[in-house]
Structures are given as C-alpha cells and as structure tokens.
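> Have a look at this prediction, sequence included:
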Amino acid sequence: MFDFYNKFVVLCALFLIYSFFGWIIEVIYTFFEKKKFVNRGFLIGPLVPIWGTGAILITLILRPDDSMFNLIISSAFIGTFLEYVVNYLMEKIFKARWWDYSKLPFNVNGRVWLGSSLFFGIGGVIIVQFMNPLLFDLFKSVNPYVFYIITIILFLLALTDFCISFNIINKLKISVDSVRKDYTEEISKKVRSILMGKSLFFKRLLNAFPNIKFSFKGKK
C-alpha cells in the first residue's frame, strides 16, 4: 500500500511538472507567433493537463532501454491518440472545436496532424531518456515528507483549478446557446466577439484558443 502511495505521488509530481513545461512551451510558441503573452490552456493556472497526461502515459508504457525507433513511434502514437480523443470529447461535451488542423497537410479530421505527431515522438524520447531520470534523482534528493506534502498540495490546487475552469467552460457553452437565441444569423466569429465582452474569464479562454469554432445546429 505504501509503495502504491509513493508511486502515485511521484506520478502526481510528474503530471504537474510536465503540465507546467507544456504551458511554458505553448506560451513561448504563442509569444513568437502573436508577439504578446497569452495564458494558454483550459486552466486558469500555468498548467496544460494534456501535456502532463501524455507524459504520464509515456512514462508508464515505455522504458529507457526500448529502442529509439520504438520510443519515437510509440510516443507519437500515444500523443496523437490522446490529442484526438481530447479534441473529440471536448467538442462533443462543449459543442466547440477548440483547435483545428484542417488547413494543415496530413491531418486527420482536423483533430491531429503529422507535425504534432513528430513532435510527440521526439518529446517522448526526451521524457524517457533524459527528463525522467533527472526528475527521479531530484525527487530522491528531497526530504520525502516535504516532497509528499508539496506535491499533494499543488495537485489539490490543480484539481480545484480544473473544477473552476470546467465550470467556466460549461458557462461559455451556455452563453453561446444564449447568444444564438438572439443572433440566429450570426456566424461563429460574431458569436466569439459578443462573448469576449461578457466575462474576463471568457476573454482569457477565447484568447487562449483563438481558433475555437462553435458548433451550430439548424439555421446559421
């Protein structure tokens, strides 16, 4: 039982660290693209959970002694599958396409594309062979009780952030439906401009996902 608890806390720590790294990467990429700071991701805090989740799956499934070919292919598959599933579920739950690769070559239903798959493959190698060994050594160097307390507190804060952000996204969906009642002829871009003035949280979320496409049924 204690061993299980140790592994769970370590996985929580890895999830938080890689979610934070993912947030930094996306912020830097967006900064060079937009020339301004954008708080990326669904959460209010500096975490992008899909990065942390992908890193955890790669950590649990792959091993450092796996061949380079297996690491790249498996990591690419894991990351691509995860991105497709998350994109699909988010669209079905909240009636919006949060990111879309339709304009890029070698995409699958606009949900994933070859470029991101290659990035996942390379990222998996970095995680398994370089990052994880460094992080495991770092964890061992910290007092275990301090490590457990800090990790659990941060994980609970992230969980709280997730619940709050989920509620905000759900309210965004409700607001989209409300706007459509009065603007049945408006397209997704117009609805977005209306929502930008409704809430500071909506504005942050819409800035984080500038290419979001709302799903409309019936008359447009």
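Cool, the structure landed. The structure displayed is predicted, hence computed values, not measured ones.

> gap between the two ends of stretch 55-69?
Counting by C-alpha to C-alpha, to the nearest Å, you get 18 Å between the two ends of stretch 55-69.

> Go through it and flag the buried ones.
Buried residues in stretch 55-69, defined by neighbour count with 16 or more other C-beta atoms under 10 Å: Ala55, Ile56, Leu57, Ile58, Thr59, Leu62, Asp66. C-beta: built from backbone N, CA, C; applies to glycine.

> Quick one: the helices in this protein, in order.
All helices of the chain, identified by DSSP state H, fall at 2-34, 49-61, 68-94, 114-126, 132-141, 144-182, 188-196, 200-208.

> And for the fifth one, what's in contact with it?
So the one you mean is helix 132-141. Val10, Ala13, Leu14, Ile17, Thr59, Pro64, Phe147 (C-beta atoms under 8 Å, 6 or more residues apart in numbering).

> quick one: contacts for the fourth one?
Same thing as Ile17. Gly52, Leu135.

> quick one: Trp23 and Phe37 touch, right?
No. Under the criterion of C-beta atoms under 8 Å, Trp23 makes no contact with Phe37, lying 11.8 Å away.

> Looking at these two, which is more packed in?
Taking neighbours as other C-beta atoms under 10 Å, Trp23 and Phe37 compare with Trp23 leading, 21 against 11.

> separation between that one and Asp65?
30 Å (C-beta to C-beta, to the nearest Å).

> go on, Asn107?
Counting by C-beta to C-beta - Asn107 and Asp65 are separated by 33 Å.

> got it, and Asn167?
44 Å.

> neighbours of Ser75, just the number please.
28.

> Now it: closest residue in space that isn't a chain neighbour?
Gly124 (2.1 Å; C-beta to C-beta, 6 or more residues apart in numbering).

> from what I can see that neighbour touches Ile73, true?
No. Contact criterion C-beta under 8 Å: Gly124 and Ile73 do not qualify, at 9.1 Å.

> Please identify which of these two sits among more neighbours.
Set Gly124 next to Ile73 and count neighbours by other C-beta under 10 Å: Gly124 wins out with 28 against 14.

> Skipping its backbone neighbours, what lies nearest the residue nearest the centre of the chain in space?
Among the residues of the chain, the one closest to the centroid is Ile50, at 3.3 Å (C-alpha atoms, centre = their mean). Ranked by C-beta to C-beta, 6+ apart and with sequence neighbours excluded, the top spatial neighbour of Ile50 is Val86, at 5.6 Å.
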